[in-house]
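Enquirer: Turn this into a structure:
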Amino acid sequence: MPQWLEVIIRTLISVVVLFGLTRLLGKRQISQLSFFEYITGITLGSITAYVSIDIDTDWYLGLISMGVWVLVSLGIEILQMKSKKARNLIDSKGTVLIKDGKILEDNLKKERLTNEDLLEQLRKKSIFKAAEVEFAVMEPDGEINALLKNEYQPLTPSHLGIKVSPEPEPQAVILDGEIMDEPLSTLKLNRQWLNTELEKIGVSLDNVYLAQVDGYGQLFVDLYDDLVQVPEPQVKASLLAQIKKCEADLEMFALSTQDPTVKAMYGTCSTKLQQVIDEVKPILSQ
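Expert: Below is the predicted model:
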């Protein structure tokens, strides 16, 4: 067999085996590498190159070595799941860098970080003043997470005592100009509804790169032609306006009638509807 053909075959086999072993190790290998997983990744890459190019040795020896490394890595992951001591030994523990608003210089030196490194990592979290940080920790994977002081945290509905209903998951109903029927069915919608909504905003299907529908039935589209401006959906605003109009009509009916019973009925309905408006306004105003 020609050497060039053998290298091609070895490389293809190595790629397939490496892909399978990587899938076996799981997504954690990609997102959050421990020290040992980092070593495993480098070693598997080196062995794969060896299997692909070194035609003077038996290729199956490299595959055996790859298999051993993967089995050892899986064994360590299982041990970490069952033992906290093993997790601390292999992955180490998080290191507190800022506590009670004070930078811990000794811990920075322990992790071989400079104050400039710390500020850079905080900027990546959109934090530009160290004085605004209450607590910061360096995770075992090297990422720095920070908690802002109360006065610098973003204002949320919970701070105002407002209960907000869960946001339903948006569904992609058009991808690359193709209608996705399954997401439409999940939202209990159909193609006729979608085509009607596209007509309302004056957009043709073949010009839609991506379209999503949120849990409230609002359609958001992104077009291939970036110069075309698409109007924002007004479903929520329209619904809120209709509810307010109903409340105003009830209040007007209560003022216009002379019958005490009818006046009380309209007044009670108006008050209850106003309470509903106060509850749904944070949602419909988004």
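Enquirer: CA only for contacts and neighbour counts going forward, please
Expert: Fine.
Enquirer: Looking at per-residue confidence, what score does Lys129 get?
Expert: Lys129 is assigned 91 on the pLDDT scale.
Enquirer: Residue nearest the middle of this structure, spatially speaking?
Expert: Closest to where the C-alpha atoms of the chain average out (C-alpha atoms, centre = their mean) is Glu169, at 11.8 Å.
Enquirer: residues in contact with it?
Expert: 214-215 (C-alpha atoms under 8 Å, 6 or more residues apart in numbering).
Enquirer: which SS class is it?
Expert: coil (DSSP: H, G, I helix; E, B strand; the rest coil).
Enquirer: And the pLDDT at it?
Expert: 82.
Enquirer: And for Ser83?
Expert: For Ser83, pLDDT reads 79.
Enquirer: For this protein, which segments are assigned as helices?
Expert: Counting by DSSP state H, one finds helices in the chain at the ranges 3-25, 28-31, 35-53, 59-82, 84-91, 105-110, 115-124, 181-186, 191-200, 235-256, 260-284.
Enquirer: Which among those helices is found nearest to Val213?
Expert: helix 181-186 (8.6 Å; C-alpha to C-alpha).
Enquirer: what's the average pLDDT for the closest one?
Expert: 89.
Enquirer: Mind listing what's buried along that helix?
Expert: Going by neighbour count (16 or more other C-alpha atoms under 10 Å), the buried part of helix 181-186 is 183-184.
Enquirer: Now do it: everything it contacts.
Expert: Under C-alpha under 8 Å, 6+ apart, the answer for helix 181-186 is 171-173, 190-191.
Enquirer: For these, give me a markdown table that also has distance to Val221 and neighbour count.
Expert: Listed next are the contacts of helix 181-186 as a markdown table, based on distance: C-alpha to C-alpha, whole Å; neighbours: other C-alpha atoms under 10 Å:
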| residue | distance to Val221 | neighbour count |
| --- | --- | --- |
| Gln171 | 12 | 18 |
| Ala172 | 10 | 20 |
| Val173 | 10 | 26 |
| Asn190 | 17 | 17 |
| Arg191 | 15 | 14 |
